[in-house]
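Enquirer: no FASTA, just this:
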């Protein structure tokens, strides 16, 4: 795949996302009612994903090095089994994702309340715990080459599993934990992560928002179809005060729970 093909793929994803938004105008228009209806949340997700894809297109056009894609393809042609945990930080420095409530999320620096900065620190915590446990681990960012470039580097590194870090936001009232996946080999990994998060946060009932299958498209689809097993985590809602407090207070335990989930799936046949 050359750079123009990657750009065309991104543009196609943007058009598909815009088409889904246009197909549900009533849901999109209802966002200002601040409800927690599933249709409204889905519409909000699509709008966020469209913004994310537009940012990714700009970064990809400016910074993608096609040699990374070629190197990844070469590794894949020569190697099969991988080892270790790849951690991808969601969003970019220039477009840092959802804004959490501060406090309880940090006020300083100004970017600390955003997904990108909060999860950059979480990625450091995960790697520290992986290193202490003798687990091969590396952190990847989307600032250079966008989603495609980041995951090309992941594939070159050949992990056993990949996790992309996010947190949710909607209407300052929604709460809960969900984990996204797209490829069949990723379901068990996503479930292992979701189980750990639900236990960590003591989620009950609707607060356990479960797994979200993005095989047919939607937010996270482009990331989640790059490699398997991979999952995209949304452990809490950063714009809701009690969820943000929970996420901030248990941040170190969240890092540990990802390592625990990885340990559980290492010997599991993933298909």
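Expert: Okay, I see it. Just so it is clear, the model here is predicted, and its values are computed rather than measured.
Enquirer: now the strands for the stretch 151-271 of the chain?
Expert: Secondary structure of the stretch 151-271 of the chain (DSSP state E, counting those that start in this stretch): strands located at 161-165, 177-181, 208-213, 230-234.
Enquirer: now do the helices in the chain.
Expert: Under the criterion DSSP state H, the chain contains helices at 3-22, 25-29, 38-63, 66-78, 115-132, 146-157, 187-201, 221-224, 241-249, 251-265.
Enquirer: enumerate the positions of the fifth one that are buried.
Expert: The neighbour-count criterion (16 or more other CB atoms under 10 Å) identifies 115-120, 122-123, 125-127, 129-130 as the buried residues of helix 115-132. Using the backbone N, CA and C atoms, a C-beta is placed for each residue, glycine as well.
Enquirer: which stretches of the stretch 151-271 of the chain aren't confidently modelled?
Expert: 267, 269-271 (pLDDT under 70).
Enquirer: again, only using 90
Expert: The model of the stretch 151-271 of the chain has pLDDT under 90 over residues 266-271.
Enquirer: ok so, going back, dump the helices of the chain into a markdown table; add distance to residue 231 as well.
Expert: Shown next, in a markdown table, are these (distance: least, CB to CB, whole Å):
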| stretch | distance to residue 231 |
| --- | --- |
| helix 3-22 | 19 |
| helix 25-29 | 26 |
| helix 38-63 | 16 |
| helix 66-78 | 20 |
| helix 115-132 | 13 |
| helix 146-157 | 13 |
| helix 187-201 | 4 |
| helix 221-224 | 7 |
| helix 241-249 | 18 |
| helix 251-265 | 9 |
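Enquirer: show me what contacts residue 253?
Expert: Shown in contact with residue 253 (CB atoms under 8 Å, 6 or more residues apart in numbering): residue 200.
Enquirer: against residue 191, how distant is it?
Expert: Between residue 253 and residue 191 the computed distance is 19 Å (CB to CB, to the nearest Å).
Enquirer: on that earlier part again, of all the buried residues of helix 115-132, which comes closest to residue 262?
Expert: Nearest to residue 262 out of the buried residues of helix 115-132 is residue 130 (CB to CB; 7.9 Å).
Enquirer: grab the nearest non-local neighbour of the closest one.
Expert: Nearest residue to residue 130, sequence neighbours excluded (CB to CB, 6 or more residues apart in numbering): residue 137, at 3.5 Å.
Enquirer: my guess is that neighbour contacts residue 88, does it?
Expert: No: if you go by CB atoms under 8 Å, residue 137 and residue 88 don't touch, sitting 11.9 Å apart.
Enquirer: who has more neighbours, those two?
Expert: Of the pair residue 137 and residue 88, residue 88 is the one with more neighbours under other CB atoms under 10 Å, namely 26 against 21.
Enquirer: got a list of what the more buried one touches?
Expert: Residue 88 makes contacts with 139-142, 150-151, 154, 162-165, 223, as judged by CB under 8 Å, 6+ apart.
Enquirer: what bridges to it?
Expert: For residue 88, the beta-bridge partners under DSSP bridges are residue 140, residue 164.
Enquirer: report how many residues lie close to the residue lying closest to residue 100 once chain neighbours are set aside.
Expert: Among residues not flanking residue 100 along the chain, residue 238 sits closest, at 2.8 Å (CB to CB, 6+ apart). Close neighbours of residue 238, defined as other CB under 10 Å, add up to 28.
Enquirer: ok, now which ones touch residue 238?
Expert: Taking CB under 8 Å, 6+ apart as the test, what residue 238 contacts is 98-101, 105, 113, 115, 118, 167-169, 244, 247.
Enquirer: list just the nearest of those to residue 227.
Expert: residue 115 (20.9 Å).
Enquirer: from what I can see that closest one touches residue 97, true?
Expert: Yes: between residue 115 and residue 97 there is a contact at 3.2 Å, judged by CB under 8 Å.
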